[in-house]
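Asker: sequence first, predicted model second:
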Amino acid sequence: MMDNRGAVRERVRPVSILVEKADALVRVIAQPSFVQLVTRIALAVPFWRSGILKWSGFLQLNDTAVYLFSDEFKLHLPGGPYSFPMPADFAFLSGCGEIIFPVLLVLGFATRFAALGLLVMTLIVELTVPDGWPVHITWAAMALSIMAWGPGKLSLDAGLKYVFGTREISK
């Protein structure tokens, strides 16, 4: 009986070693700071792309952005859908947020605040386009993970904390 167990262990051992090597490789590739950087960029891209389409000059919204918030976009709330209140103001704030928050995320500056801003925007987008929830839940998950675990070592936030001695670089 003992000989059978030993034989099985010897046959399984190469597989076990292969699994350990694969696990080590995955850990090298998926370093937490690298994953945090990629998550920040992944969340920034769709908002940035939407934001740059709303502007026709410095602090000058294009007509399409205002039109969308005035006539096309509706808030899908109980008893609704409802038109956006102050559509020009919503278009302006949306356009600003879609430019400023992604820049902050990519730089890793005021990162948790920027992620919170994009989470709020995601919730508003979900109320506007409820059928888009599979994408919106992904954005929300990325924003929440950034808010929970921070920007990582590859960020201005971490660099400033290190330079000013307020906290050691971690994660």
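Answerer: Alright, I've got the coordinates. Numbering: from 1, shown residues only.

Asker: going forward, measure contacts between C-alpha atoms and count neighbours the same way
Answerer: Fine.

Asker: where in the chain is pLDDT low?
Answerer: Along the chain, the parts satisfying pLDDT under 70 run over 1-3, 166-171.

Asker: check contacts around the residue nearest in space to the middle of the chain.
Answerer: Nearest to the mean C-alpha position of the chain, by CA atoms, centre = their mean, lies Leu43 at 3.0 Å. Residues near Leu43 by CA atoms under 8 Å, 6 or more residues apart in numbering: Pro102, Trp139, Met142, Ala143.

Asker: where's it, which helix or strand?
Answerer: Per DSSP states H and E, Leu43 falls inside helix 32-52.

Asker: and for Arg5, the neighbour number?
Answerer: 10 (other CA atoms under 10 Å).

Asker: that one: helix or strand, and which one exactly?
Answerer: For Arg5, the enclosing helix or strand under DSSP H and E is helix 2-29.

Asker: cool, and Asp157?
Answerer: Going by DSSP H and E, Asp157 is in helix 156-163.

Asker: kindly format the C-alpha coordinates of that helix as CSV.
Answerer: Extracted C-alpha coordinates of helix 156-163, given in CSV (Å, rounded to 0.1, in the frame of the first residue of the first chain):
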residue,chain,number,x,y,z
LEU,A,156,2.2,60.8,-7.5
ASP,A,157,0.2,60.2,-4.2
ALA,A,158,2.7,57.6,-3.1
GLY,A,159,5.7,59.7,-4.2
LEU,A,160,4.4,62.8,-2.4
LYS,A,161,3.8,60.7,0.8
TYR,A,162,7.3,59.3,0.5
VAL,A,163,9.0,62.7,-0.1
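
Asker: what's the neighbour count on the residue nearest to Thr39 when sequence neighbours are not counted?
Answerer: Once flanking residues are discounted, Thr39 sits nearest to Met142: 6.3 Å by CA to CA, 6 or more residues apart in numbering. Neighbourhood size, Met142 [other CA under 10 Å]: 21.

Asker: before we move on, what SS does Met142 have?
Answerer: helix (DSSP: H, G, I helix; E, B strand; the rest coil).

Asker: ok, the one 10 residues further on next?
Answerer: Secondary structure assignment for Gly152 (three-state DSSP): coil.

Asker: so Leu77 sits in a strand?
Answerer: No: counting by three-state DSSP, Leu77 is not found in a strand; it is coil.

Asker: and it, how far from Ser83?
Answerer: According to CA to CA, to the nearest Å, Leu77 and Ser83 sit 10 Å apart.

Asker: those two - which one has more neighbours?
Answerer: The neighbour count for Leu77 versus Ser83, taken as other CA under 10 Å, is higher for Ser83 (16 against 11).
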